[in-house]
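model the structure of this input:
(2 chains)
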Amino acid sequence: MTRRRNAGTGGRAGRADILVVYMLRVRFAPSPTGYLHIGSARTFIFNWLFARRHGGTMILRIDDTDVDRNTQASLDSIFDGLNWLGLGWDELYRQSDRLALHQDTARAILEKGLAYRDFTPAHAGGDDASHGDGPWLFNPGMREMTAEESDRRAAAGEPFVVRFRVPRGTGRRVEFLDLVYGAQSKACDDIEDFALLRSNGMPTYHLASCADDADLRISHIVRGQDHLSNTFKHILIFEAAGAAIPQFAHLPLLVAPDGAKLSKRKHGPVVSVTTYRDAGFVPHAYVNFLCLLGWSPKDNREKMAREELTAAFAFEGVNRSNAVVNFKEEDPIDPKALWLNSEHLRTMPAAELAPMARAALASAGITPPYDEAWFADAVDVIRSRFFTLRDFATRGRAYFAEDYEMTPEALEKLNQGNARELLRELAARLAAAADFTEQSVEAELRALAVERGVKAGLLINGSRAALTGQTVGPSAFAVFAAIGRERVVARLSQV
RNA sequence: GGCGCUAUCGUCUAAGGGUUAGGACGAAGCCCUCUCAAGGCUUAAAUACGGGUUCGAAUCCCGUUAGCGCUACCA
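Numbers count the residues shown, from 1 in each chain, chains lettered A, B, ... in the order given. Predicted coordinates:
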């Protein structure tokens, strides 16, 4: 399953694998301090794929330990984004409900002497230049304080943070095998005595995250590469808490074309998944696009169904370098995302697409005429030229509404020769014809062209222009059928 | 500054010692054609730099450069 290098021997390795598969648990842990970032969405997707691939459990955990920065709006937008992706999860937790667990974990570590109280006042000077030019590691006065004095000052009500007592001068290195980045190692002497508990008694991210990961029996931590360096600290916490150490898989970051980290302030809407939803993306198409950023099935496949993605996903295929989201100032959509969306939109089952198209029309204030079956057929005919769901309401408007615009090019087609006159004649013939199918309309139109001595193209292109207001679109005869005899006759006789 | 990580066409990536360095998006051209797409064919486009190791390096090692991350009582 997880490509253990030390697979061991024969039957026993097989059994061990089954055991691990059974207990495989992953989590996605966003903090509600902003909208759902596309990088976070990708992390969620990779976790989900890994869990589904191996029959594991996908856990959603809201990491809301930073009470000052959490907002309900942000929480709502994260759920909006996640729901839009449509993948779901198996279990849901909220860190703010688990405060006691975090504090108990910190207390246990403190009582073992693996952490200590630091009474240094918070950030007196203010700015972050407080480290001088060397790295800050620890404050010896606090680290070496006797238990008696520490207890006395705490009892006296003096505020303190609880810091992890990172081993010093032992030559120890923290090591782990990352499923993506391979062997990782860092000297304890280079790790600072990080905080576990703030002076207000609230856990820090590191503590809360590890306490919860241990308690929830997370087997694999799959997260952004920005946590790669933090992992050394986390391993120290797991050890101190007496917990099993999970496996780690870090994912390369998503960055802007200039290589900078994506941020809302600097890059605007491209960083939010709602942008793609609002731009008319099919959810799965966007999932597919995100999967291709930093991961490859290695067989040149790109357009993949959810099942294919699930079957192919493995950390061996994950890259180690950051992936650029290729957007431009004037156009926030990555061209490849758009292409992939068009591929899915044009080939997915029409029955699945129809409700999405209907929703896109609804938000443009359009209620399609006729019934469900007609609608699905119309959607199926016109989608072959569309890129996003929004196209149904814009380029596809004439199929669903009567008030559509005529482009200058379309007008030009209608003004060619005696096109208008012939189209009106065609309308009369179609109104009287026995059948009204693609084939019968084509026969009727071509016969008229021959009779009047004009090229069929004049009538064909003229019809498309009159019926849709555009010079581009599906085969004109498919257009006739999709719009329906009644409306075709009405539109052509009024040209 | 310290520590960690990374480096293949413009972008996403394949090739984990031997290939004319492959595919996709985007771009250009041709074919097809009732328009526009799609599709087919074709073209331009990459191994950051310098040293090693080796018969042979995009691939392994070292260095340089560049980028990213961590270095908070943020996550």
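
give me the low-pLDDT residue ranges for chain A?
Low-confidence segments of chain A, defined by pLDDT under 70: A:1-22, A:123-134.

domain parsing for it?
According to automatic domain parsing, chain A comprises the domains A:264-346, A:364-493.

make CSV out of the ones you listed and add mean neighbour count and distance to RNA strand B.
Placement of C-beta: from N, CA and C, glycine included. Supplementary listing: the domains of chain A in CSV, determined by neighbours: other Cβ atoms under 10 Å; distance: least, Cβ to the nearest atom of the strand, whole Å:
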stretch, mean neighbour count, distance to RNA strand B
domain A:264-346, 17, 3
domain A:364-493, 17, 3
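
distance to residue A:240 added to these, as TSV?
What follows is the domains of chain A, written out as TSV (distance: least, Cβ to Cβ, whole Å):
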stretch	distance to residue A:240
domain A:264-346	27
domain A:364-493	51
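
residue A:168 is nearest to which of these?
For the domains of chain A, distance to residue A:168 was read as Cβ to Cβ. The smallest value, 31.3 Å, belongs to domain A:264-346.

do me a favour and get the end-to-end distance for the closest one?
End-to-end distance for domain A:264-346, by Cα to Cα, to the nearest Å: 32 Å.

doesn't residue A:241 make contact with residue A:108?
Yes: in this structure, residue A:108 is within contact of residue A:241 by Cβ atoms under 8 Å, at 6.7 Å.

between those two, which one's more packed in?
For residue A:108 and residue A:241, the more surrounded residue by other Cβ atoms under 10 Å is residue A:241, and the numbers stand at 20 against 15.

gap between that one and residue A:27?
17 Å (Cβ to Cβ, to the nearest Å).

please name the nearest non-neighbouring residue to residue A:475.
Leaving aside its sequence neighbours, residue A:475 sits nearest to residue A:438 (Cβ to Cβ, 6 or more residues apart in numbering; 8.0 Å).

what residues are up against the one you found?
Residues in contact with residue A:438 (Cβ atoms under 8 Å, 6 or more residues apart in numbering) are A:475, A:477, A:478, A:480, A:481.

which of the domains of chain A sits closest to residue A:71?
Closest of the domains of chain A to residue A:71 is domain A:264-346, at 13.8 Å (criterion: Cβ to Cβ).

and residue A:26, that's in a strand?
Yes: residue state for residue A:26 (DSSP: H, G, I helix; E, B strand; the rest coil) corresponds to a strand.

so in terms of bridging, what pairs with it?
residue A:58, residue A:220 (DSSP bridges).

isn't it right next to residue A:57, touching?
Yes: the criterion here is Cβ under 8 Å, and residue A:26 meets it with residue A:57 at 7.4 Å.

and those two? which has more neighbours close in?
Neighbours were counted for residue A:26 and for residue A:57 using other Cβ under 10 Å; residue A:26 has more, 26 against 18.

how about the contacts made by the more buried one?
A:47, A:50, A:51, A:56, A:57, A:58, A:59, A:218, A:219, A:220, A:221, A:222.

tell me which residues touch the residue nearest to residue A:67 when sequence neighbours are not counted, please.
Nearest non-adjacent residue to residue A:67, counting by Cβ to Cβ, 6+ apart: residue A:202, 7.1 Å away. Contacts for residue A:202 (Cβ under 8 Å, 6+ apart) come out as A:65, A:67, A:99.

from RNA strand B, how far out is the first one?
If you measure residue A:65 against RNA strand B using Cβ to the nearest atom of the strand, to the nearest Å, the figure is 4 Å.

residue A:122 now?
Per Cβ to the nearest atom of the strand, residue A:122 is found 3 Å from RNA strand B.

can you count the residues close to that residue?
When neighbours are defined as other Cβ under 10 Å, residue A:122 has 9 of them.

can I get the contacts of residue A:202 in a markdown table with secondary structure and neighbour count?
Shown next, in a markdown table, are those (DSSP: H, G, I helix; E, B strand; the rest coil; neighbours: other Cβ atoms under 10 Å):
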| residue | secondary structure | neighbour count |
| --- | --- | --- |
| A:65 | coil | 22 |
| A:67 | coil | 9 |
| A:99 | helix | 15 |
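
on the three-state scheme, residue A:249 is what?
Going by three-state DSSP: residue A:249 is strand.

where do the strands sit along the stretch 151-300 of chain A?
Remark: strands assigned in the stretch 151-300 of chain A by DSSP state E, counting those that start in this stretch are A:161-164, A:173-178, A:182-187, A:195-197, A:220-224, A:247-251, A:254-255.

the nearest residue to residue A:114 once chain neighbours are set aside: what's it in contact with?
Excluding the flanking residues, the one nearest residue A:114 by Cβ to Cβ, 6+ apart is residue A:240, at 4.4 Å. Shown in contact with residue A:240 (Cβ under 8 Å, 6+ apart): A:109, A:112, A:114, A:115, A:164.

could you dump those residues into a markdown table with distance to residue A:364 added?
Output for the contacts of residue A:240, formatted as a markdown table (distance: Cβ to Cβ, whole Å):
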| residue | distance to residue A:364 |
| --- | --- |
| A:109 | 57 |
| A:112 | 63 |
| A:114 | 61 |
| A:115 | 58 |
| A:164 | 56 |
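
now intersect those residues with the helices, please.
Secondary structure from DSSP state H places residue A:109 of the contacts of residue A:240 in helices.

please produce TSV containing the contacts of residue A:240, extended by neighbour count and distance to RNA strand B.
Formatted as TSV, the contacts of residue A:240 follow (neighbours: other Cβ atoms under 10 Å; distance: Cβ to the nearest atom of the strand, whole Å):
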residue	neighbour count	distance to RNA strand B
A:109	25	15
A:112	12	20
A:114	18	17
A:115	26	13
A:164	24	11
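
which one of the contacts of residue A:240 is nearest to residue A:31?
Within those, distances to residue A:31 taken as Cβ to Cβ reach their minimum at residue A:164, with 21.0 Å.

residues touching that closest one, list them.
Residues in contact with residue A:164, defined by Cβ under 8 Å, 6+ apart, are A:109, A:114, A:115, A:193, A:194, A:195, A:196, A:233, A:236, A:237, A:240.

looking at the residues you listed, which is nearest residue A:491?
Among the contacts of residue A:164, and counting by Cβ to Cβ, the member closest to residue A:491 is residue A:233, at 69.2 Å.

how many neighbours does the closest one have?
Neighbours around residue A:233, by other Cβ under 10 Å: 22.

before we move on, what about residue A:211?
Neighbours of residue A:211 under the rule other Cβ under 10 Å: 27.

what sits against it?
The contact partners of residue A:211, by Cβ under 8 Å, 6+ apart, come to A:98, A:101, A:102, A:105, A:106, A:203, A:237, A:241.

contact partners of stretch A:337-352?
A:276, A:280-282, A:284-286, A:288-289, A:292, A:302-303, A:353, A:376-377, A:379-380, A:383-384, A:386-389.

identify the residue spatially nearest to the residue nearest the centre of chain A, adjacent ones excluded.
Centre of chain A computed as the mean C-alpha position; nearest residue by Cα atoms, centre = their mean is residue A:41, 3.2 Å away. In space, residue A:41 comes closest to residue A:273 once its chain neighbours are excluded; the distance is 4.9 Å by Cβ to Cβ, 6+ apart.

distance of residue A:493 relative to residue A:81?
Going from residue A:493 to residue A:81 by Cβ to Cβ gives 49 Å.

repeat for residue A:209
The gap separating residue A:209 from residue A:81 is 21 Å, by Cβ to Cβ.

more neighbours: which of the two?
residue A:209 (25 against 22).

which residues sit in contact with that one?
By Cβ under 8 Å, 6+ apart, the contact list for residue A:209 reads A:29, A:63, A:234.
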